[in-house]
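Peer 1: give me a model of this one.
(chains A, B, C and D)
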There are 2 protein chains.
Amino acid sequence: MSSDGVAVAESLIAPAVEAPGARQSRRSTNTVTLDDVARHAQVSPQTVSRSIRTPDLVSEFTLERVRASIAETGYVPNLAASNLASNRSMTVAAIIPAISASVFADALHGLEEILAPAGYQLFIGSTSYRPAHEEELVRAFLGRRPDGIFIVGTEHSANTTHLLRESKVPVIEAWDLTDDPIDSLVGFSNRDAIRAIVEFAHERGYRHPTFAGSLQRGDFRAAARRASFEEAVPELFPGETVRVVDSGTSTVDYETGRRLLDETLKLHPETDVLMFASDVFAAGALLECTRRGIRVPDDLAITGFGDFEIGRHLVPTLTTVAVPNRQIGTVAGELLLARMNHTSAETAEVDLGFSVVARESA
Amino acid sequence: MSSDGVAVAESLIAPAVEAPGARQSRRSTNTVTLDDVARHAQVSPQTVSRSIRTPDLVSEFTLERVRASIAETGYVPNLAASNLASNRSMTVAAIIPAISASVFADALHGLEEILAPAGYQLFIGSTSYRPAHEEELVRAFLGRRPDGIFIVGTEHSANTTHLLRESKVPVIEAWDLTDDPIDSLVGFSNRDAIRAIVEFAHERGYRHPTFAGSLQRGDFRAAARRASFEEAVPELFPGETVRVVDSGTSTVDYETGRRLLDETLKLHPETDVLMFASDVFAAGALLECTRRGIRVPDDLAITGFGDFEIGRHLVPTLTTVAVPNRQIGTVAGELLLARMNHTSAETAEVDLGFSVVARESA
DNA sequence: ACGGCGTATGGCAGCGCTAACATCATGGTA
DNA sequence: TACCATGATGTTAGCGCTGCCATACGCCGT
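Peer 2: Reported below is the predicted structural model:
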């Protein structure tokens, strides 16, 4: 082939000039790039880029050709390169304690509902309630340069807080309130919510409340709820013992609820209203009551926390506290969008409140 | 200011030479880069890179200094740049129908459990059972150049299949079996599973089975389960009408289960075993039976699908089909790891099976 | 006829990192 | 002593894309 001949001749004359293939290419195999599309459409790479990102600036005629070329070549833009060049990743990082906990799944759903139409993608990581893991996760996620961060909780390690503050990325802390947020805040007061349901129990005439939950290390919201109970009881029930049953680090499931009921009956048989830190526990306990023939609420009243769907279907239906899971996600999404579009530079602290849902079980 | 004066003079003499700051920097504000760390530690950038990625190749002495510099400068690696240069993103994309569905959350948990220790991060997207959305999601995710893809289901649009095939990325389809996978496959036969529980009902002596589920468009696994029921009944119950109650596009929740029970009692009062497409429906129906005083299984037997935790706590406990949710995730994770490390180039088709769990409700 | 303006496109450089290769000091071996 | 294998570090040249600016062209008003 004549072209080969030319190349060889050249390399004899000027050995400094690389022979084709002397240095191995670093390109990934078979990947269509923006340049390929540009060549195919006979326009500059810049025009292809514009056709994708700001089609308004490209003439109808050119746009047609570029689109056809993209389709024909099967081009898929490399967002890592785009991210690097434009310094925007079009991603939002979401850090939650557990994927399988439905409350957080609801919030993520709300978050995605707002962000996806604006072209943002969600990076999800779960900490399993371990602060050390949270820090690791924050570090790893920051490496991907998200345009926004959604994180459950207001209590983080000093390092985590520092990392987030220094990152200059809009951060939304969710699910609780605090006086000193990293940036913005969307949630409700776990403390007030528990207080409200203790007051409810008091008004209904119950006299011997017991609180039951798991005190997983790292679950600061659960801890806040327990503390709030311990604070409210002496005020509302003067002279009454403050009874708390704790399953330790157990997972949040129906089985744990059952065990918590068991322990309560053994340790505090005088209990007339058993207040759970989660509807899941309450449901497990309620079903166990059905099995054992304990009449709810006559023998023992039960309350939950979270207003999960099952509460409306249990027999008897469950008295609980409704919490705006989904709304936490949508509000957070809207706040983030405003910040990321530079529509607003303001941080916000949104208290979405809660409500006591009185049903049959108490 | 004198520096301004100099700049002007220079531009008069040699306008082609850029005055400092004439072209605006594109760097993101205040970001510490690998070069900054290198300068701080007085080593080359490459050595810093090695210190992070392959510390074995760096001397103890240098490593110490680099680590100190990283800490002091607060350096956070830019993974977009790393990704671009190395052609590895260290991410796996997971595409599931719904985040809030616990079965998929379990699988994701399993997947993460395997991938996270190996340094891979999970990108999660939900399709809401819409094939068009699935395609969009696949396209967007491919743009991030994941090293592996986990996708629920074996039925995809032609475009989706084509995109995934052409991407050359290891793909695992999950939750069902097929003769023609895109790449690898981890799941169980929804068809056989339903058949097994119909056989179970037959052996237990039930004579008038009815199937109840929602037939959401896009949920091919639900459709397969229904079809399997329609296939099994004529064989096992010759002469018996094939009764199917369908809630249309309702969401999978307890309320729908209740409505399905309602409809069944109206349309097919002869039913002696009601077989649900999900434990969630079964639980909703079972609770409604309790409320109405319908005795289970004496007046009506009930079966579910999925072996959710609640089934073990309902009164009566729920007969169902156990399905290896978590294991689907872990096995998929292991297969992906092997492919991504180039330990194995082989595709695999893994049938994890299922098992009928006989409890009190049937 | 001319400069000024808006629209469409192209050229250049660089985002922050790493693969590939080059270099340089060791130490052991023939 | 010359030689090469080994380990530690440096140099070069991109990865694929977009920000910024330059350029080309037609249109308008004066």
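Peer 1: domains of chain A?
Peer 2: Chain A breaks down into these domains under automatic domain parsing: A:25-77, A:89-188+A:326-353, A:190-322.
Peer 1: centre of the chain to stretch A:201-208, how far?
Peer 2: Using CA atoms, centre = their mean, to the nearest Å, the mean C-alpha position of stretch A:201-208 is found 36 Å from that of the whole chain.
Peer 1: now do stretch A:61-71
Peer 2: So, by CA atoms, centre = their mean, the centroid of stretch A:61-71 is 39 Å from its chain's centroid.
Peer 1: what do you get for stretch A:243-255?
Peer 2: 23 Å.
Peer 1: now that stretch: mean pLDDT?
Peer 2: Mean pLDDT, stretch A:243-255: 90.
Peer 1: over to stretch A:305-316?
Peer 2: 97.
Peer 1: again with stretch A:54-65
Peer 2: Stretch A:54-65 comes out at a mean pLDDT of 94.
Peer 1: and DNA strand C, is that stretch touching that?
Peer 2: Yes: for stretch A:54-65, a contact with DNA strand C is found by CB under 7 Å from any atom of the strand, at A:57-59, A:61-62. Quick note: C-beta positions are derived from backbone N, CA and C, even for glycine.
Peer 1: related to what we said a few turns ago, out of the domains of chain A, which is closest to DNA strand D?
Peer 2: domain A:25-77 (2.8 Å; CB to the nearest atom of the strand).
Peer 1: show me where the stretch 201-350 of chain A has strands.
Peer 2: A:209-213, A:243-246, A:273-276, A:301-303, A:320-322, A:349-351 (DSSP state E, counting those that start in this stretch).
Peer 1: would CSV of the ones you listed with mean neighbour count and distance to A:Leu337 be doable?
Peer 2: Below are those laid out as CSV (neighbours: other CB atoms under 10 Å in any protein chain shown; distance: least, CB to CB, whole Å):
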stretch, mean neighbour count, distance to A:Leu337
strand A:209-213, 27, 35
strand A:243-246, 19, 40
strand A:273-276, 30, 36
strand A:301-303, 27, 37
strand A:320-322, 23, 26
strand A:349-351, 15, 14
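Peer 1: any chance of those in JSON lines, plus distance to A:Thr264?
Peer 2: What follows is these, written out as JSON lines (distance: least, CB to CB, whole Å):
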{"stretch": "strand A:209-213", "distance to A:Thr264": "5"}
{"stretch": "strand A:243-246", "distance to A:Thr264": "5"}
{"stretch": "strand A:273-276", "distance to A:Thr264": "6"}
{"stretch": "strand A:301-303", "distance to A:Thr264": "10"}
{"stretch": "strand A:320-322", "distance to A:Thr264": "18"}
{"stretch": "strand A:349-351", "distance to A:Thr264": "32"}
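Peer 1: re earlier: so which of the residues of stretch A:54-65 next to DNA strand C reach DNA strand D?
Peer 2: Of these, not one also sits near DNA strand D (CB under 7 Å from any atom of the strand).
Peer 1: narrow the residues you listed to those in strands?
Peer 2: Nothing among these maps onto strands, per DSSP state E.
Peer 1: which pair in those residues spans the largest distance?
Peer 2: A:Leu57 and A:Phe61 (13.5 Å; CB to CB).
Peer 1: okay, the domains of chain A in TSV with distance to B:Asn190 next?
Peer 2: As requested, the domains of chain A are arranged in TSV below (distance: least, CB to CB, whole Å):
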stretch	distance to B:Asn190
domain A:25-77	32
domain A:89-188+A:326-353	22
domain A:190-322	25
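Peer 1: before we move on, back to that, could I get the strands of the stretch 201-350 of chain A in a markdown table, plus columns for distance to chain B?
Peer 2: Listed next are these as a markdown table, based on distance: least, CB to the nearest CB, whole Å:
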| stretch | distance to chain B |
| --- | --- |
| strand A:209-213 | 16 |
| strand A:243-246 | 19 |
| strand A:273-276 | 14 |
| strand A:301-303 | 14 |
| strand A:320-322 | 15 |
| strand A:349-351 | 23 |
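Peer 1: closest to A:Glu334 out of the ones you listed?
Peer 2: Ranking those by their distance to A:Glu334 (criterion: CB to CB) puts strand A:349-351 first, at 9.8 Å.
Peer 1: of the residues of stretch A:54-65 next to DNA strand C, buried ones?
Peer 2: By neighbour count, with 16 or more other CB atoms under 10 Å in any protein chain shown, the residues of stretch A:54-65 next to DNA strand C hold A:58, A:62 as buried.
Peer 1: can I get the residues of stretch A:54-65 next to DNA strand C in CSV with distance to B:Val92?
Peer 2: What follows is the residues of stretch A:54-65 next to DNA strand C, written out as CSV (distance: CB to CB, whole Å):
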residue, distance to B:Val92
A:Leu57, 36
A:Val58, 35
A:Ser59, 40
A:Phe61, 41
A:Thr62, 37
